[in-house]
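J.: Next come a sequence and a model predicted from it.
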Amino acid sequence: MSATLKLDSNEGPLPPVALLEALATLDPDAVRRYPEVSALEAALARQVGVTPDRVIVTAGADDGIDRVCRAYLGPGRTMLLSEPTFEMLHHFARLARGTLASVPWRCGEFPLAAFLDRLDDQPAVIAIVSPNNPTGATASAADVRRLAQAAPASVVLLDQVYVEYADEDLTAAVIDLPNVVVLRTLSKAWGLAGCRIGYAIGAPDVVAVLRAAGAPYPVAAPSVALALGQLANGAAALRAHVARVKEERTELGERLLALGLDPFPSQANFILAECGRRAPFLATALAALGVVVRTFPNRPGLGSALRITLPGSPPEFERLVAALETAVAPEALLFDMDGVLADVQHSQRAAIVATAQSFGVTVTAAQVAAAIRAGDAANDWRVTQRLIEAGGRRASLEDVTARFQSLYLGGLRERETLIPKVDVLKELAARRPLAIVTGRPRAEAEWFLQRSGVVRLFGAVVAMEDSPAKPDPAPVRLALERLGVRRAWMIGDTPDDMRAAAQAGVLPLAVAAPGDEAPAGGARVLGQLTDLLELLS
């Protein structure tokens with residue numbers, strides 16, 4: 001598994017290496033002295049077609065929100081905003097001791113009439129985020145102008161941090177209005193989130209108020225230098241990135257619909273998808289597959305939704321789609337055997353304890369469980385040898401194996417029982433092909449399946465002789481190959497199971513083996529295999 005694909009914060013593309021290399025030429029005096037932002041403000045003013053006195057650089061767009069709240073809110077003053085919307089609006093309004101009033105807006109057209117109906121509350125600040133975060137919905141220039149003109153005593157805060165991805169840029173159409181402040185950023189489409197470069201555009205008197213409402217040096221000199229370089233040379237790359245994101249946005253929406261999810265129409269670099277009761281499982285499943293998306297567990301109306309940033313990269317987009325399809329629509333189910341299908345407390349684990357005892361080392365069941373949880377434990381013979389050596393005795397693997405097998409095959413294995421009910425396995429097999437990935441010798445695995453009456457339910461059995469042991473992903477991949485599928489879930493009870501599955505691009509699901517206090521970490525902890533029936537429904 002490669003590095004985590006972080007799709008929860010809506011960052012933009014990687015900037016070119018040459019941009020970072022240019023920092024080496026930065027005048028050291030720029031680091032020694034307090035930063036000067038006038039050149040950056042002039043460059044941003046030229047980009048949006050205003051004079052420099054109408055632009056203030058801020059520490060990200062968040063700083064712009066903070067300054068507006070500090071300047072225009074306070075006790076007895078209200079911010080009117082939509083719900084749901086960018087949560088930092090709530091945060092800074094409350095810090096300024098202002099009051100919040102909201103209008104519902106999940107999707108569709110901007111609710112202009114509902115906003116106009118609330119003007120009797122005389123809001124000091126009216127906040128509009130377009131494209132809205134987290135929904136991706138947009139307002140029109142006519143909406144903003146109508147609202148600003150209807151509330152001349154209010155400051156209309158128009159957050160346009162995702163505007164590069166939208167069909168329409170509202171900035172030029174509204175900045176002539178004296179009570180409108182437009183927030184923009186270089187953190188998204190320009191790819192400079194780590195530099196914290198935002199900016200606000202407004203009337204000169206409003207910008208002067210915002211300067212006084214915050215720190216005098218909000219942005220570091222290296223960030224200013226990077227921003228100037230990106231503005232000068234990054235326009236072509238930005239257009240290509242935006243075009244790619246728009247393609248992904250369309251395709252991801254179609255894929256989500258095909259998977260039975262409900263994506264919101266979006267004009268941002270993300271899609272919000274309504275996932276119903278599956279949302280918590282899907283979020284943890286994607287994380288287990290190395291893809292992190294945004295959840296909203298404490299936001300009213302958003303608890304069953306996921307927000308997915310569009311990566312703007314073909315390989316990363318394919319990885320996202322593969323993870324989604326695996327999490328939502330597996331083609332097969334893979335099972336470890338010991339502790340998942342077979343209760344081995346009184347057979348294999350008892351053989352470990354008895355074998356160690358025969359070499360003069362006392363081992364408890366808890367120590368055996370701890371050794372298995374420590375990993376690299378797919379082979380009971382090696383686990384036994386390590387426990388004997390930890391007890392201060394030496395024993396060759398050959399001798400340990402011979403003693404273990406004499407105990408296990410000599411009667412202990414007769415104590416093994418099938419953990420799930422046969423009817424549950426039959427129902428699972430009716431829904432998906434099943435396979436086993438085990439560290440047991442093939443003859444022992446098949447003996448147990450035959451004895452339990454379930455051998456015909458499994459289309460493939462990958463055993464000790466077939467491939468390297470878990471946590472190597474090879475046996476998991478071999479099971480996929482034998483079943484002729486690409487996407488699967490794997491149910492296991494050890495860290496080795498979880499690591500092997502994840503590295504093979506298979507979703508790991510954890511169960512606790514009988515007698516164990518807790519399962520290995522996985523995408524989801526299953527109380528029992530009947531939970532799979534609910535997850536697959």
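T.: Good, I have the coordinates.
J.: Ala30 sits in which helix or strand?
T.: Ala30 belongs to helix 28-32 when elements are defined using DSSP states H and E.
J.: in that helix, what's buried?
T.: For helix 28-32, burial by neighbour count (16 or more other CB atoms under 10 Å) applies to no residue. (Glycine included, C-beta is placed from N, CA and C.)
J.: Packing partners of it?
T.: helix 221-233 (3 or more CB pairs under 8 Å, 6 or more residues apart in numbering; DSSP states H and E).
J.: Give me the helices and strands touching the helix it packs on, please.
T.: Partner elements for helix 221-233 (3+ CB pairs under 8 Å, 6+ apart): helix 17-21, helix 28-32, helix 38-48, strand 197-201.
J.: residues in contact with the following helix or strand past it?
T.: As assigned by DSSP H and E, the chain's next helix or strand after helix 221-233 is helix 235-258. With CB atoms under 8 Å, 6 or more residues apart in numbering as the test, helix 235-258 has contacts from 12-13, 16, 164-165, 189-191, 262-263, 265-266, 269, 271, 273, 308, 310-314, 317, 320-321, 324-325.
J.: Give me the buried entries from these.
T.: When the contacts of helix 235-258 are checked against 16+ other CB under 10 Å, the ones flagged as buried are 12-13, 164-165, 189-191, 263, 266, 269, 271, 273, 308, 310-313, 317, 320-321, 324-325.
J.: one step back: I'd like the mean pLDDT over the helix holding Ala30, please.
T.: Average pLDDT, helix 28-32: 91.
J.: ditto for stretch 271-290
T.: Mean predicted lDDT for stretch 271-290 stands at 95.
J.: If you count neighbours, what's buried in that stretch?
T.: Result for stretch 271-290 [16+ other CB under 10 Å]: buried residues 271-275, 278-279, 281-290.
J.: Could you point out the helix or strand that follows the helix or strand of the chain with the lowest mean pLDDT?
T.: In the chain, no helix or strand scores lower on mean pLDDT, DSSP states H and E than strand 525-526, which sits at a mean of 64. Scanning forward in sequence from strand 525-526 by DSSP H and E, the next helix or strand is helix 530-536.
J.: hmm, who's touching that next one?
T.: 281, 330, 333, 420, 424, 427-428, 431-432, 489, 491, 509, 524, 526.
J.: Secondary structure added to those residues, as a markdown table?
T.: A markdown table is the format used below for the contacts of helix 530-536 (DSSP: H, G, I helix; E, B strand; the rest coil):
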| residue | secondary structure |
| --- | --- |
| Phe281 | helix |
| Pro330 | coil |
| Leu333 | strand |
| Pro420 | coil |
| Val424 | helix |
| Glu427 | helix |
| Leu428 | helix |
| Arg431 | helix |
| Arg432 | coil |
| Trp489 | strand |
| Ile491 | strand |
| Leu509 | strand |
| Arg524 | coil |
| Leu526 | strand |
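J.: returning to that earlier point: most packed of the helices and strands packed on helix 221-233?
T.: Of all those, strand 197-201 has the most neighbours on average by mean count of other CB atoms under 10 Å, namely a mean of 26.
J.: Domains in the protein, by residue range?
T.: 17-233, 236-328, 332-337+419-536, 347-415 (automatic domain parsing).
J.: Serialize these to TSV and add fields for distance to Leu7.
T.: Shown next, in TSV, are the domains of the chain (distance: least, CB to CB, whole Å):
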stretch	distance to Leu7
domain 17-233	13
domain 236-328	4
domain 332-337+419-536	16
domain 347-415	29
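J.: And those domains: which comes nearest Lys6?
T.: Ranking the domains of the chain by proximity to Lys6 (CB to CB) places domain 236-328 first, at 5.2 Å.
J.: related to what we said a few turns ago, in the contacts of helix 530-536, which residue is surrounded by the most others?
T.: For the contacts of helix 530-536, the largest number of neighbours (other CB atoms under 10 Å) sits with Leu509, at 30 neighbours.
J.: Write down the beta-bridge partners of that residue, one by one.
T.: Ile491 (DSSP bridges).
J.: you'd agree it is up against Met490?
T.: Yes - using CB atoms under 8 Å, Leu509 is in contact with Met490, at 6.8 Å.
J.: where does Val156 land in three-state SS?
T.: Per three-state DSSP, Val156 ends up strand.
J.: For it, list the residues it contacts.
T.: Per CB under 8 Å, 6+ apart, neighbours of Val156: Val125, Ile126, Ile128, Val144, Leu147, Ala148, Leu177, Asn179, Val180, Val181.
J.: Check the gap between the first one and Asn132 for me.
T.: Okay, so that is Val125. For Val125, the distance to Asn132 (CB to CB, to the nearest Å) stands at 17 Å.
J.: Could you list every helix and strand that the helix or strand containing Ala148 packs against?
T.: Assigned by DSSP H and E, Ala148 belongs to helix 141-150. Applying 3+ CB pairs under 8 Å, 6+ apart, we find helix 141-150 packed against helix 112-117, strand 125-129, strand 155-159, helix 171-174.
J.: One more pass at 6 Å, please.
T.: Helix 141-150 sits against helix 112-117, helix 171-174, with contacts defined as 3 or more CB pairs under 6 Å, 6 or more residues apart in numbering; DSSP states H and E.
J.: now the most centrally placed residue in the chain, which residues is it bridged with?
T.: For the chain, Val292 is the residue whose C-alpha lies nearest the centre (CA atoms, centre = their mean; 1.5 Å). Counting by DSSP bridges, Val292 is bridged to Lys6.
J.: For Leu192, see how far away it is.
T.: Val292 is 21 Å from Leu192, by CB to CB.
J.: So, low pLDDT: which residues of the stretch 401-537 of the chain?
T.: 517-527 (pLDDT under 70).
J.: can you pull out the strands in it?
T.: 417-418, 434-437, 460-462, 488-492, 507-511, 525-526 (DSSP state E, counting those that start in this stretch).
J.: quick one: contacts of the second one?
T.: With contact meaning CB atoms under 6 Å, 6 or more residues apart in numbering, strand 434-437 is reached by 333-335, 337, 457-462, 475-476, 479, 483.
J.: Direction included, what does it pair up with?
T.: strand 332-335 (parallel), strand 460-462 (parallel).
J.: just the CA coordinates of that strand, formatted as CSV?
T.: C-alpha atoms of strand 434-437 as CSV (Å, rounded to 0.1, in the frame of the first residue of the first chain):
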residue,chain,number,x,y,z
LEU,A,434,-15.9,-17.1,-0.8
ALA,A,435,-12.3,-18.1,-0.4
ILE,A,436,-9.9,-18.9,2.5
VAL,A,437,-6.4,-17.5,3.1
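J.: which parts of it are buried?
T.: So for strand 434-437, counting by 16+ other CB under 10 Å, buried means Leu434, Ala435, Ile436, Val437.
J.: ok now that strand, how far from the chain's centre?
T.: Chain-centre distance of strand 434-437: 28 Å, with CA atoms, centre = their mean, to the nearest Å.
J.: again, but for the fourth one
T.: Shown here is strand 488-492, whose average C-alpha point lies 20 Å from the average C-alpha point of the whole chain (CA atoms, centre = their mean).
J.: any idea of the angle it forms with strand 507-511?
T.: 30 degrees (axes from the mean of the first three to the mean of the last three CA atoms, to 10 degrees).
J.: Residues contacting stretch 418-431, please?
T.: Leu341, Asp343, Ser452, Val454, Leu457, Leu529, Thr530, Leu536.
J.: try it again with 7 Å
T.: Stretch 418-431 is contacted by residues 333, 340-343, 434, 452-454, 457, 514, 529-530, 532-533, 536 when judged by CB atoms under 7 Å, 6 or more residues apart in numbering.
J.: Out of those, who's the most crowded?
T.: Busiest of these [other CB under 10 Å] is Val340, holding 28 neighbours.
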